[in-house]
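A.B. asks: Next one to model:
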Amino acid sequence: MDLQIATLCDFAAEYQGKLVVTGTFDALAAKATPIVHPQCSLAMRFCFTPEDAGDHELSIAVIDEDGQAINEKMPIKGAMPVEMPDNVAFMSRHLIIGFQGLTFPKAGVYSVDILVDGELIQRLPLRIVQVDEKTGQPV
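C.D. replies: Numbering: from 1, shown residues only. A predicted model of the protein is given here:
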């Protein structure tokens, strides 16, 4: 199993088998804490081979610098069954998870952790920056 793409973005969709990603980012800035990001998506593209067939568990968590989830809804867990057609060398699948109202209590470095079967396969860093209301410069 290969996670070929994983990114936070403003918008993601699948269109005619293609992953459409708009506004990828790794930092957010706001004038006050807590910092609330109204809406974003986690866009992922997995590539599977016949060896990956079977039942898997996907887990997604947004964590702080201490490794603690940012809210009680994390981690998000779900079944990820992989069924491979006969005589197919590989196949790709897209997964898009929408987040609404992500709340970061303070500025700092956060991460989006992606785990399959309990194993961390990708950690996306996310910087949360508080800026001065008048100058727009980091506080």
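A.B. asks: among the helices and strands of the chain, which has the poorest mean pLDDT?
C.D. replies: strand 27-30 (a mean of 91; mean pLDDT, DSSP states H and E).
A.B. asks: beta partners of the residue nearest to the spatial centre of the chain?
C.D. replies: Centroid-nearest residue in the chain, with Cα atoms, centre = their mean: residue 42, separated by 3.8 Å. Beta bridges link residue 42 to residue 8, residue 97, judged by DSSP bridges.
A.B. asks: Not including adjacent chain positions, what is the nearest residue to residue 35?
C.D. replies: Excluding the flanking residues, the one nearest residue 35 by Cβ to Cβ, 6 or more residues apart in numbering is residue 104, at 4.5 Å. Quick note: C-beta positions are derived from backbone N, CA and C, even for glycine.
A.B. asks: Pull the contacting residues for the one you found.
C.D. replies: Residues near residue 104 by Cβ atoms under 8 Å, 6 or more residues apart in numbering: 28, 33-37, 70, 110, 128.
A.B. asks: How about residue 39?
C.D. replies: 10, 98-101.
A.B. asks: Who wins on neighbours among those residues?
C.D. replies: Ranked by the number of neighbours (other Cβ atoms under 10 Å), those place residue 99 first, at 17 neighbours.
A.B. asks: Hmm, that residue is touching residue 41, no?
C.D. replies: Yes: judged on Cβ atoms under 8 Å, residue 99 makes contact with residue 41 at a distance of 6.9 Å.
A.B. asks: overlap in contacts of these two?
C.D. replies: By Cβ under 8 Å, 6+ apart, no residue touches both residue 99 and residue 41.
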